[in-house]
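Novice: Generate a structure from the sequence data that follows.
(chains A and B)
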Amino acid sequence: MSPAIPIALTVNGRSRTLDVAPHHTLLEVLRDDLALTGTKECCLVGECGACTVRLDGRIVDSCLVLAVEADGGEVTTIEGLAPEGGLTRLQGAFLDKGAVQCGFCIPGQVMAADDLLRRSPHPTVAEVEEGMAGNLCRCGCYAQITEAILAAAEEGGR
Amino acid sequence: MTGARVGASPRRVGGAERVTGGQRYVADIHIPGELHVKLVTLPVARARIGAIDTSAAERVPGVRLIVTAADLPQPVPRFGPQFEDRPVLAVGETKYHGEPVAAVAADTRDAAEEAAGLVRVEHEELPAVFTLAAALDPAAPLVQDPALRPGDPLAGTNVLRVHRVGWGDVDAAAADLVVERRYAFPIVTHFAIEPHACLAAPDGDGIAVWSTIQHPNWLQRILAKLLGLPLAKVRVHAPDPGGGFGGKQHAKYEPLVALMALRADRPVRLVLTLEETFQAVRRAAAEVTVRTGLRADGTLAFQDVAADYLIGAYADIADRVVGKGSYVGAGPYRMPAARIVARSVLSHTVPSTAFRGFGNPQVNWAVESNLDEAALALGIDRLEIRLRNLARKGEAFIPWDTPADGDWAEATRRAADRIGWGTPAAPGRGRGIAVGIKSGPTTGLSYSTVRLLADGSVIVFAGTSDMGQGARTVFAQVAGDELGAPLDAVTVVMGDTAVVPYDQQTSASRSTVLMGNSVLAACREVQAKVRAMAARVHGVDEAAITVEHGVVRLPGRELPIRDVVAAGLGRLGGEVVGNGEMRKDADPGHPLQGAPAFFEFNCTAIEAAVDEETGDVTIVRHVTVSDVGKAINPLQVRMQDEGAAIQGLGHTLMEHYIYDLRGRVRNLGAIDYRIPTSMDLPLELHSEAVENADGPGPYGSKGMSEGALLCVAPAVAAAVRDACGAVIRDLPLSPERVWRALRERDAARAGREDAR
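Specialist: This next block holds a predicted model:
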């Protein structure tokens, strides 16, 4: 086993320093070392989007990013999106539009939708469907997710 | 009316946790001191297991326990919901690609993975069968040891069981036209975004297990028997699964993990990868031959169905899937004569199990497609032929069984209307329509407890698993409506066998009906107690008091329940407790051991466009209409209906396992096995519910989570044929397959030209 490597991350606004195995992904570090289990593990090949987080201003599949690559980076996970005890407009819209069934893909969906609205505050349906294509939902809530994103945009943004 | 309302669509109970990352799924739960398990598998399907050398694996730092079959109780325990045929670890030989032969537990996931890779298993690949044709060959190697089926005349074959149902005399039935075709349905998998996971920990003189299981009480029973423990010493925690779709109904690796926890005397966790999950659950493939007889006017004369289902190496619940799924194989039609023969055929493949639709989509694909063939041959409109034959409400369309329990023609006409049936489609587009039914639960037992607390808030204990269908919200709406509590003052407790009363299972779209009725009964008991309380407190004769929808009506005035309860309970506080029981006993004389509690009826209408250059199919419009009786939560009904429709599009357009010649699945995982994304949706998806309050559940509701999956494939294939003339009888309708069918169409047309 290779020796652990010290890294520093800012996670949801809080500075964290930790020693990570060189082969561990950002996903593993978030879930296992930092106990931020809102970020989900499914395909581990960057196809499902369940592990989507924000890293230095862009969203990434955290299963495809080595933790050491994120050294010095600023990470936002689903736990850091809304103020404690509250919901963002987008999160509320997900609930109002019925975009949440089992919920397992939802943290990734919300992170991706949040990023979409940052980049494109007033997206078209086609832009939403294309922008969200990297996040699988086996419950099949795609239409409702699109409605939620459009509703949040309409009401003033994410 | 003071509380939550039935018929409204409030935010999902438990929704805030799901959008903030606070929801704890099994893999999010950690127990101090836990060990991580990795399974050891072979890179082949069927192989004789020789010596297993664990010495190198044992030297990996952090490895605490390695088990092989030899380390388990002997003979190695076997388990299963229908047949006890699945060993805890492979015994003697592996029977499918991915079957574990050993397992490693270590302090870290890294150590467990490294050690698992170092376990050396001598093995010799053996002849095996992966297809129906190979498995049914008289010379085929047997999948199952005949000793597991003593006295069974089929034990010397790979046919596990044959299911026969029928009525009338098919062979004597007079028909002007007989259409016979064969249809194929591929192996597909559930692909819940949450991979299967379980944890087990010694718990005093018993064991505690956390599992992604849909049926915690069934798992408790399996583990108690296997471990020789009283039920009360097996505590199953079942946090809300991250998608189930049937794949998480029954035990898979929980017995192994439980035995390892007891042996290590430490908590043990196993979280499968998606690839391992593909090797744990899948839907049965099928080949279905349908012979449909009709009169010249399109009236059905008989239906003759022979369905072979390719199940896996162990039975799991697959044989029940075959029997129940094929049972309504004659369709929702008035049918003078029917003969349905369905076989469960074992093979050296991943054990197939329940999957939304439960064996019906395979047969419905064939039967509805064949009806279209007949309509074309007779020159009768495809909608008209269905309306002409659909059973009317109350009609005994299976002579001895639950009569048609909905206005199926209404649902069909609405779907046809919404797709614009009878109006011309744009050039290059075509339309298809199909109907389908699925039997609801044939037995059931759901207990519940409802506690009305001193401040009017309510706790519901219900053992259903909320895996996305929204059962928590439905039960909260029912209890809140009946007892006058707003939704945010209702808590629904599920998923802990030590706390929550027994529920048989979460399957067959049963929970709104069976557990819903149980919760309603518990509320009625609470209401009766409140009534007695009101009589005592106000000095009024009980007969003059009514309690409904959270309101106590006394002569001349109305009070909210909570006011009556606060006064009635007095200074010591307390609560009013009601218990519910909903029992649907087995009927040994019925072919399914019980008549379905309801039928799920759906009509799906499709408009599709086909790219003749690439074979790519675009669903222009997808209409699904389901008969739901009563939508307790209309938004959730729509979500279930659309979700089932999109899952149906998966097996219709893109999904299938690819096995190599040695029985290895070549497209494990998310890169090579595609499911619908936001880019694969119909351009328009329209879901509607027929609500005639004619179901057996609360307020006339029926189960409805599977119907919209039943008809997608036949409706899409019909639309493709209508659009371009390509005829396809094997799913999925992948671009390559459509493209080839277009070439065949062209060749056939050229042949006709040449013949002129």
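Novice: Show the contacting residues for residue 50.
Specialist: If you meant another chain, say so; for now it's chain A. Taking Cβ atoms under 8 Å, 6 or more residues apart in numbering or on different chains, we find A:A50 in contact with A:T39, A:K40, A:E41, A:C42, A:C43, A:F104, A:C105, A:P107, A:G108, A:N135, A:L136, B:I193. For glycine as for every other residue, the C-beta is placed from the backbone atoms N, C-alpha and C.
Novice: hmm, I had chain B in mind actually
Specialist: B:V121, B:E122, B:H123, B:E124.
Novice: That one: what secondary structure?
Specialist: With DSSP: H, G, I helix; E, B strand; the rest coil as the basis, B:G50 sits in strand.
Novice: separation between it and B:E122?
Specialist: The spacing between B:G50 and B:E122, counted by Cβ to Cβ, to the nearest Å, is 3 Å.
Novice: Please, where are all the helices along chain A?
Specialist: A:26-28, A:89-96, A:106-119, A:125-131, A:142-154 (DSSP state H).
Novice: what would those helices look like in a markdown table with distance to B:G629?
Specialist: Shown next, in a markdown table, are the helices of chain A (distance: least, Cβ to Cβ, whole Å):
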| stretch | distance to B:G629 |
| --- | --- |
| helix A:26-28 | 43 |
| helix A:89-96 | 25 |
| helix A:106-119 | 29 |
| helix A:125-131 | 33 |
| helix A:142-154 | 23 |
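Novice: can you list the ones you listed in a markdown table and add mean neighbour count, distance to chain B and mean pLDDT?
Specialist: Formatted as a markdown table, the helices of chain A follow (neighbours: other Cβ atoms under 10 Å in any protein chain shown; distance: least, Cβ to the nearest Cβ, whole Å; pLDDT from 0 to 100):
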| stretch | mean neighbour count | distance to chain B | mean pLDDT |
| --- | --- | --- | --- |
| helix A:26-28 | 25 | 8 | 98 |
| helix A:89-96 | 23 | 4 | 98 |
| helix A:106-119 | 25 | 5 | 98 |
| helix A:125-131 | 17 | 4 | 97 |
| helix A:142-154 | 23 | 5 | 98 |
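Novice: What is the burial count for the residue of chain B found nearest chain A?
Specialist: With Cβ to the nearest Cβ as the measure, B:G21 is the residue of chain B nearest to chain A, at 1.9 Å. Neighbourhood size, B:G21 [other Cβ atoms under 10 Å in any protein chain shown]: 25.
Novice: For the closest residue to it other than its chain neighbours, what are phi and psi?
Specialist: Among residues not flanking B:G21 along the chain, A:G38 sits closest, at 1.9 Å (Cβ to Cβ, 6 or more residues apart in numbering or on different chains). The phi and psi values for A:G38, taken as degrees, to the nearest 10, are phi -60, psi -30.
Novice: Which residues are in contact with B:K584?
Specialist: B:K584 neighbours (Cβ under 8 Å, 6+ apart): B:P441, B:T442, B:T443, B:G444, B:L445, B:L514, B:G594, B:A597.
Novice: Which residues of the stretch 351-500 of chain B lie near chain A?
Specialist: B:M467, B:G468, B:Q469, B:G470 (Cβ under 8 Å from any Cβ of the partner chain).
Novice: returning to that earlier point: for the residue of chain B closest to chain A, list the residues it contacts.
Specialist: Counting by Cβ under 8 Å, 6+ apart, the residues that B:G21 touches are A:L36, A:T37, A:G38, A:T39, A:T77, A:I78, A:E79, A:P107.
Novice: which one of the residues you listed has the most neighbours?
Specialist: Going by other Cβ under 10 Å, A:P107 tops these with 30 neighbours.
Novice: hmm, back to that, now, of the contacts of B:G50, which are buried?
Specialist: Buried by 16 or more other Cβ atoms under 10 Å in any protein chain shown: B:V121, B:H123, out of the contacts of B:G50.
Novice: distance of the residue of chain A found nearest chain B from B:I317?
Specialist: Residue nearest to chain B within chain A (Cβ to the nearest Cβ): A:G38, separated by 1.9 Å. Distance of A:G38 to B:I317, computed by Cβ to Cβ: 33 Å.
Novice: With B:T94 instead?
Specialist: From B:T94 to B:I317 the distance is 21 Å (Cβ to Cβ).
Novice: Check B:Q640 too.
Specialist: Distance from B:Q640 to B:I317, by Cβ to Cβ: 21 Å.
Novice: Okay, strands next: where are they in chain A?
Specialist: Here chain A has its strands, by DSSP state E, at A:5-11, A:14-20, A:52-55, A:58-61, A:74-76.
Novice: Tell me which of those is the most buried.
Specialist: Highest mean neighbour count among those (mean count of other Cβ atoms under 10 Å in any protein chain shown): strand A:52-55, with a mean of 24.
Novice: what about B:L452, distance to B:R86?
Specialist: Counting by Cβ to Cβ - B:L452 and B:R86 are separated by 44 Å.
Novice: More neighbours: which of those two?
Specialist: B:L452 (28 against 23).
Novice: what angle do the strand or helix carrying B:Q636 and helix A:142-154 make?
Specialist: Element membership of B:Q636 [criterion: DSSP states H and E] is helix B:634-653. Counting by axes from the mean of the first three to the mean of the last three Cα atoms, to 10 degrees, helix B:634-653 lies at 130 degrees to helix A:142-154.
Novice: and helix B:634-653 with helix A:89-96, angle?
Specialist: 90 degrees.
Novice: Can I get the next helix or strand after helix B:634-653 as CSV, trimmed to CA atoms?
Specialist: Next helix or strand after helix B:634-653 toward the C-terminus (DSSP H and E): strand B:684-690. Only the C-alpha atoms of strand B:684-690 are listed here, as CSV (Å, rounded to 0.1, in the frame of the first residue of the first chain):
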residue,chain,number,x,y,z
GLU,B,684,-44.3,14.2,-25.5
LEU,B,685,-45.2,11.9,-22.6
HIS,B,686,-48.8,12.0,-21.4
SER,B,687,-50.1,10.1,-18.5
GLU,B,688,-53.8,9.9,-17.5
ALA,B,689,-55.6,8.0,-14.8
VAL,B,690,-59.1,6.6,-15.0
